[in-house]
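Enquirer: model the structure of this input:
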Amino acid sequence: MDDRMNDLAPAVRSILETAESRGAESQAGGDDRVDVDPRDLESAFASAAADDRTPVIAEVKPTSPTTDGVREDDPFDLATEMVAGGAAALSVLTEPDHFGGSTDTLERVREAVDVPVLRKDFLVREAQLDAVESDVVLLIARFLGDDLEPMLAAAHDRGFQVLVEVHDRAELERALSAGARFVGINNRDLAKLEVDLSTFEDVAPHAPEDVTLIAESGVTTAADVRRMRAAGADALLIGSAIMDGDVRSNTRRFTTADATTADADDPAADHPDADDTIDRQPSR
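Expert: Alright, predicted model coming up:
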């Protein structure tokens with residue numbers, strides 16, 4: 001781990017150290033390569049919008065370092081309920097040590113639904129891309145540094161669509177230079193783990209029109225969705241706010257957010273600890 005990681009929160013440092021360890025194990029493993037024929041994420045967002053749904057990536061998230069407790073429902077059931085609630089795509093955690101995820105869970109979820117599925121993990125070596133088929137993989141610019149461009153190329157070579165996560169303008173520029181077409185702007189600061197929706201508002205204006213922007217972290221109410229959409233979010237990745245309660249009704253609350261106007265109708269306002277988000281108006 002280089003000097004860029006010195007200011008990470010202890011929980012994030014632990015996640016990264018574990019990812020490095022799992023990456024070394026993957027590199028020493030077999031030679032089986034994954035090649036994917038992905039479900040198109042952009043088309044899924046467009047279909048949601050055509051159906052008057054806010055494009056939402058709903059996340060199957062058993063637990064995390066920033067939430068309390070563990071959700072032990074069958075991921076198959078959670079996934080189908082999220083899609084029934086209008087989710088345009090799903091995100092599935094495959095990080096086992098801090099988020100309770102697994103590649104087996106992703107495989108089961110992807111078989112259960114017909115929407116694109118994002119593999120949410122902390123990938124630091126090319127061999128980790130071959131662990132499981134998914135439609136989209138997450139690459140975090142902060143964690144990869146100069147390795148972002150070759151990792152992005154390796155993922156594309158296997159057929160994956162790639163969501164590149166950034167936290168500031170410098171990381172956005174690095175992602176764009178590497179060739180990112182889907183960019184997630186994370187509202188959660190990796191040093192203090194604090195969430196500030198103005199992060200998306202500050203970074204989004206510097207992205208070109210042909211990049212699809214996804215707002216991540218901190219969306220807990222319909223008003224938050226509309227705020228991110230107004231700032232340029234094409235979609236929102238929402239985790240904890242959907243997992244906290246009935247996932248179908250929670251998902252529907254967010255996928256209909258563009259059509260609602262008052263938080264008085266939004267029970268999600270009672271869930272201040274929500275974690276992940278995605279959505280945006282076509283104009284930026």
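
Enquirer: what's the pLDDT at the residue nearest to D210 when sequence neighbours are not counted?
Expert: Take D210 and drop its neighbours on the chain: the residue closest to it by Cβ to Cβ, 6 or more residues apart in numbering is R181, 7.8 Å away. Bear in mind the C-beta positions are built from the backbone N, C-alpha and C, glycine included. R181 carries a pLDDT value of 97.

Enquirer: need phi/psi at R181.
Expert: Note on R181: backbone dihedrals following degrees, to the nearest 10 are phi -110, psi -30.

Enquirer: for the one 3 residues further on, same thing?
Expert: Dihedral angles phi and psi of G184 (degrees, to the nearest 10) take the values phi -100, psi 130.

Enquirer: over to R33?
Expert: Main-chain torsions, R33, degrees, to the nearest 10: phi -110, psi 140.

Enquirer: surely it meets D130?
Expert: Yes: here R33 lies in contact with D130, judged by Cβ atoms under 8 Å, at a distance of 5.4 Å.

Enquirer: what do these two both touch?
Expert: In terms of Cβ atoms under 8 Å, 6 or more residues apart in numbering, R33 and D130 are both contacted by the residues R158.

Enquirer: quick one: which of these two has more around it?
Expert: D130 (17 against 11; other Cβ atoms under 10 Å).

Enquirer: ok, and the closest non-adjacent residue to the more buried one?
Expert: Using Cβ to Cβ, 6+ apart and skipping residues adjacent in sequence, the residue nearest D130 is V34, 4.6 Å away.

Enquirer: contact partners for the one you found?
Expert: V34 neighbours (Cβ under 8 Å, 6+ apart): L129, D130, A131, V132, E133, R158.

Enquirer: can you name the residues bridging to the residue nearest the centre of the chain?
Expert: Against the mean C-alpha coordinate of the chain, by Cα atoms, centre = their mean, the closest residue is L237 at 5.2 Å. Taking DSSP bridges, one obtains I57, E216 as the residues bridged to L237.

Enquirer: which one of the contacts of V34 is nearest to D147?
Expert: Within these, the smallest distance to D147 is 12.4 Å, found for L129 (Cβ to Cβ).

Enquirer: distance of that closest one from V12?
Expert: Separation of L129 from V12 (Cβ to Cβ, to the nearest Å) stands at 22 Å.

Enquirer: those two: which has the busier surroundings?
Expert: More crowded of L129 and V12, by other Cβ under 10 Å: L129, with 24 against 21.

Enquirer: surely the more buried one is in a helix?
Expert: Yes: L129 forms part of a helix when assessed by DSSP: H, G, I helix; E, B strand; the rest coil.

Enquirer: V109 against V60, yeah?
Expert: Yes: with contact defined as Cβ under 8 Å, V109 reaches V60; the gap is 6.2 Å.

Enquirer: which neighbours do those two have in common?
Expert: Here V109 and V60 have P75, A79, L90, V92 as joint contacts, going by Cβ under 8 Å, 6+ apart.

Enquirer: which pair in the residues you listed has the greatest spatial separation?
Expert: Spatially, the most separated pair among the shared contacts of V109 and V60 is P75 and L90, at 9.7 Å (Cβ to Cβ).
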